[in-house]
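1. Predicted model, plus sequence, below.
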Amino acid sequence: MDISALASVEGMTALAAGLILGLAGIGAAIGMGLMGGKFLEGASRQPELVPMLQGKMFLLVGLIDAIPIIGVGIALYLTFVDPFAGKIAAHLTGH
């Protein structure tokens, strides 16, 4: 094996981290947009339920927002720890 295998693993890891961040952000944005639209529909149909609906909406916004935050943690782990590149480097050096 040569050093190009290590570069390939690092490149694919960076691509995976970018996909994780992008897809998590897009998914959260779509989820929040749909939920906000449904909240406005519910508030316009029954204005007396707005305080209850608003509390539930903010709870769900926090839960939906947790998914991209977890994705950021995983992407940072892959970027800075990169367990795959460590195994390839150990194999290249023979240790």
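-> Right, received. Where do you want to start? This one's a predicted model, so the numbers in the text were calculated from it and none came from an experiment.

2. helix or strand for the residue lying closest to Ala43 once chain neighbours are set aside, which one?
-> Nearest non-adjacent residue to Ala43, counting by CB to CB, 6 or more residues apart in numbering: Val50, 4.9 Å away. Just so you know, the C-beta spots here come from the backbone N, C-alpha and C atoms, and that holds for glycine as well. For Val50, the host element (DSSP states H and E) is helix 50-80.

3. helices or strands next to that helix in the packing?
-> With contacts taken as 3 or more CB pairs under 8 Å, 6 or more residues apart in numbering; DSSP states H and E, helix 50-80 sits against helix 3-45.

4. What ranges in this protein fall below the confidence cut-off?
-> 1-2, 95 (pLDDT under 70).

5. one more time with 80
-> Within the chain, the ranges that satisfy pLDDT under 80 run 1-3, 5-6, 82-95.

6. re earlier: report the next helix or strand after the helix holding Val50 in sequence order.
-> Per DSSP H and E, the helix or strand that comes after helix 50-80 is helix 83-93.

7. quick revisit: surely the residue nearest to Ala43 meets Leu40?
-> No. Taking CB atoms under 8 Å as the definition, Val50 is not a contact partner of Leu40, at 10.1 Å.

8. ok and the helix holding Val50 relative to helix 83-93, angle-wise?
-> Computed by axes from the mean of the first three to the mean of the last three CA atoms, to 10 degrees, the angle separating helix 50-80 from helix 83-93 equals 10 degrees.

9. List the buried residues in helix 50-80.
-> 53, 57, 61, 64, 68, 71, 75, 78 (16 or more other CB atoms under 10 Å).

10. Same check on stretch 26-45?
-> 28, 31, 39, 42.

11. Would you confirm that Asp64 contacts Gly33?
-> You called it Asp, but residue 64 is Ile. No. Contact criterion CB under 8 Å: Ile64 and Gly33 do not qualify, at 10.3 Å.

12. Next up, the contacts around the residue nearest to Gly31 when sequence neighbours are not counted.
-> Once flanking residues are discounted, Gly31 sits nearest to Ile64: 4.7 Å by CB to CB, 6+ apart. By CB atoms under 8 Å, 6 or more residues apart in numbering, the residues touching Ile64 are 28, 31-32, 35.
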